[in-house]
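*Asks:* Please work out how this folds:
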Amino acid sequence: MIDTKKLLLAAISAFFLAPAVLAANLPVRWQAVVSPNLRGYRVYYGTSSHNYSASVDVGNTTQYTLTGLGNCVRYYVSVKAYSQNGILSTAYSNEIVGLPTPTVTLVSPSSAEPGQALTVNVSGANFDTGASLVLPGSINVLSTSTQSCNLLSALITISGTETVGTRSTVVRNPDLSTGSLASAFTVISVSTPAVRAVSPAPGAINVVPGMRPSVLFSERMMAASITPSNVRLIKGDGTTVPQAVGSPMLDATGTVAVIVPATPLLYTTQYRVALTAGSAGVRDAQGTAITTSYIQTPAFQTSAPPTGAGSGVANPGPDTYAGVVSAEEATVEFLTPMDPDSLTPRTVVLIGPGGEIDQAEGSPALDETGLRATIVPRASLEPGAIYRARVVGGPHGVRDRDGLELRSSFETEGFLAPALPTTESNEDPEAAGGKDGLWPIAIDPMDRTSDVPALVHVGVTFNRPLDPMSLSARVIRLVDPEGYEVRQAAGSPILEATRTIATILPARPLDPGVAYRVEVLGGPDGVRDDAGATMGGSFGQVHGFAIQGAASLRPEIESMDPEDGDRKVEPGVRPSVTFSRPLDPGSVDSSTIELLEDDGTAVAQAAGSPFLDGSGTVATIVPADLLDGRAHYRIRVVTGPGGIRDYDGRSMSQSNESEIRFRTKAHARGRSARTEADVPMPSPH
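*Replies:* Modelled structure (predicted):
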């Protein structure tokens, strides 16, 4: 007779003493029961703990693969032994729980170059929380995040010496079960960046003088190489056009460089976009330079000046452009002499990290020409902080000596307040900070960039090579709107081969619709260059960059006047667009809110047009001349990156309806006998 008590005891002991009822997430295996009366085992499983809906007799074996299970369903598994007479042990083994074996179906992107850092998304099934990605060779997986049972994201870096070829991709769950896909990822040869398109297009005519030319590259570019000397706008005689502070700008994708001229382009003038090649020229994110310098051919030409003011005012009002003359002061430069009584701390505002800055008595100070106003703060500016100036337009803003008001408000690019040198006795003050010391010279994404992907890698470019030992997530950090540090992936920040670019790798995707800022700690506990010199002050972005968010978080068009399809609109109309939230005045100009003829030709706008009302939600277009009678026009608002944005840096969704059409009536002084209804409104195209 079989001693079933001994068999049961042996079975219980065996299961509990096993180093694993190892779950390779189905298959499972267990430690054998040692008994001459053992005949086999029965495996029990179900979708809730200790409530098994199915079982299978597996015979005298210590491993078995459960099949026909549902993907992304968590199963609970236990085992019983039975004797030669078929008597089951009364107690179950210890219970294991897990998902079925992971499977990998797709890796995106499926290729990258040596030396590149990127985020890859792995699609498949049965990815458990805490799953990891494994790639062979010198491919370092810095962090892995399980987005769902079917999607896993990982931050990886590829060694600059990694050989070209395909790699298998393996996902390993915490219970050590694995799934793989052969040749899912490929290390490709280093590619040379190229120019895909330029706007305005070569040979374009009637280009609006307020146009901001742009270059589309074939791949992500190194922000530090996109400089005014490498990305230029030149006139027909070869003269370089001065650019505004912070220009050229690289968008969030890193593939589009935008040139912002310091002043509007001249009428009826030819211009070309030019790029510099070579090791000191334009380079991609891996440092590969474009092979040959680029000059746009043929040139594009700006439109002719408007024939008249249209509004009956000879001088349409003062234009304004602002720039930083030196690191010690902010100045605002005007194109017409200004009325000094209209320049006050309320109309010419200095804005810092904490808001508006108190100005000294007599500030802003207007020079003898009336063209340049200097802002004088009441107290010293915070070393290393970023400041900007705002000039208020409209009836309560600045005006010129003839009493004409600035039609719309204007905001400058940010500038850095000078850092103070450290007081270490043997340190060169210039090397320790100050105007020529160690300092960040570019952030990617740039300040005020919107629609940044949640899996962004943030690049901080310095003017000198850094000491790698001074880098940590504490000294180069990313903070949320409340000032809390964003947790970084293991090994972050990463110092690139040039040792001038530190890349922040967040440990998880950033929150949608939220603005984040880069901060760099200075002083003796902060970053150091390779000579040991420290940064004299800490650095911080003013606004930071905004992550892509839901449409409800973005500005939207609430209405337009005239409305879509309106007829018999007065030729002297000033069209307006009402938005759902206040706009950033720096994003509102004639290139982002356009009035177009039916063939797409831009209608020239008066200086300062379009202008925002006091609420910041209504933008009004002032045409430079009366519109043609009985003609079709369109209002178009530029959406997405590079278009209008709110004060949080969020742009309008590209899916938002952004264009309407209307038709003017005949001029009062001479109407055609043809009725208005004879000419149909064109259908959208």
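*Asks:* which residues of the stretch 501-650 of the chain fall in strands?
*Replies:* Counting by DSSP state E, counting those that start in this stretch, the stretch 501-650 of the chain has strands at residues 501-504, 515-520, 539-540, 545-546, 557-561, 566-569, 576-579, 593-597, 611-612, 618-620, 632-637.
*Asks:* now the ones you listed as JSON lines including mean neighbour count?
*Replies:* For every residue, glycine as well, the C-beta is placed using N, CA and C. As requested, the strands of the stretch 501-650 of the chain are arranged in JSON lines below (neighbours: other Cβ atoms under 10 Å):
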{"stretch": "strand 501-504", "mean neighbour count": "22"}
{"stretch": "strand 515-520", "mean neighbour count": "22"}
{"stretch": "strand 539-540", "mean neighbour count": "22"}
{"stretch": "strand 545-546", "mean neighbour count": "26"}
{"stretch": "strand 557-561", "mean neighbour count": "16"}
{"stretch": "strand 566-569", "mean neighbour count": "15"}
{"stretch": "strand 576-579", "mean neighbour count": "20"}
{"stretch": "strand 593-597", "mean neighbour count": "20"}
{"stretch": "strand 611-612", "mean neighbour count": "24"}
{"stretch": "strand 618-620", "mean neighbour count": "20"}
{"stretch": "strand 632-637", "mean neighbour count": "20"}
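*Asks:* need the least confident one among those, by mean pLDDT.
*Replies:* Looking at the strands of the stretch 501-650 of the chain, the lowest mean pLDDT belongs to strand 545-546 (a mean of 79).
*Asks:* Partner strands of that strand and their direction?
*Replies:* strand 515-520 (antiparallel) (DSSP bridges).
*Asks:* tell me the contacts of the most centrally placed residue in the chain?
*Replies:* Geometric centre of the chain, nearest residue: Val452, 2.5 Å, by Cα atoms, centre = their mean. Taking Cβ atoms under 8 Å, 6 or more residues apart in numbering as the contact definition, Val452 lies against 252, 445, 510, 545-548.
*Asks:* What about those, which one has the most neighbours?
*Replies:* Counting neighbours by other Cβ atoms under 10 Å, Pro445 comes out on top of the contacts of Val452 with 30 neighbours.
*Asks:* And for that one, nearest residue in space, chain neighbours not counted?
*Replies:* Setting aside the residues directly before and after it, Pro445 is nearest to Phe545 in space (Cβ to Cβ, 6 or more residues apart in numbering), at 4.0 Å.
*Asks:* so the one you found sits right up against Asp447, yeah?
*Replies:* Yes: the pair Phe545 and Asp447 passes the contact test of Cβ atoms under 8 Å, sitting 7.2 Å apart.
*Asks:* that older thread, which one, of the strands of the stretch 501-650 of the chain, ends up nearest to Arg399?
*Replies:* Closest to Arg399 of the strands of the stretch 501-650 of the chain, according to Cβ to Cβ: strand 611-612, at 13.6 Å.
*Asks:* partner strands of the closest one, parallel or antiparallel?
*Replies:* For strand 611-612, the paired strands and their directions (DSSP bridges) are strand 618-620 (antiparallel).
*Asks:* now the partner strand, how far from the chain's geometric center?
*Replies:* Computed by Cα atoms, centre = their mean, to the nearest Å, the separation of strand 618-620 from the middle of its chain amounts to 27 Å.
*Asks:* swap in stretch 77-94?
*Replies:* 59 Å.
*Asks:* Could I get the CA-only coordinates of that stretch as PDB?
*Replies:* Extracted as PDB, the C-alpha positions of stretch 77-94 are listed here (Å, rounded to 0.1, in the frame of the first residue of the first chain):
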ATOM      1  CA  VAL A  77      -0.400  28.500 -11.900                       C
ATOM      2  CA  SER A  78       0.000  25.700  -9.300                       C
ATOM      3  CA  VAL A  79       0.900  21.900  -9.400                       C
ATOM      4  CA  LYS A  80      -0.200  18.800  -7.600                       C
ATOM      5  CA  ALA A  81       1.500  15.400  -7.700                       C
ATOM      6  CA  TYR A  82      -0.500  12.100  -7.900                       C
ATOM      7  CA  SER A  83       0.400   8.500  -7.000                       C
ATOM      8  CA  GLN A  84       0.400   5.200  -8.900                       C
ATOM      9  CA  ASN A  85      -3.200   4.800  -7.900                       C
ATOM     10  CA  GLY A  86      -4.100   8.300  -9.200                       C
ATOM     11  CA  ILE A  87      -4.500   9.800  -5.800                       C
ATOM     12  CA  LEU A  88      -3.700  13.600  -5.800                       C
ATOM     13  CA  SER A  89      -1.900  15.400  -3.100                       C
ATOM     14  CA  THR A  90      -4.400  17.300  -1.000                       C
ATOM     15  CA  ALA A  91      -2.300  20.500  -1.100                       C
ATOM     16  CA  TYR A  92      -1.200  22.600  -4.100                       C
ATOM     17  CA  SER A  93       2.400  23.700  -4.600                       C
ATOM     18  CA  ASN A  94       3.300  27.300  -4.200                       C
END
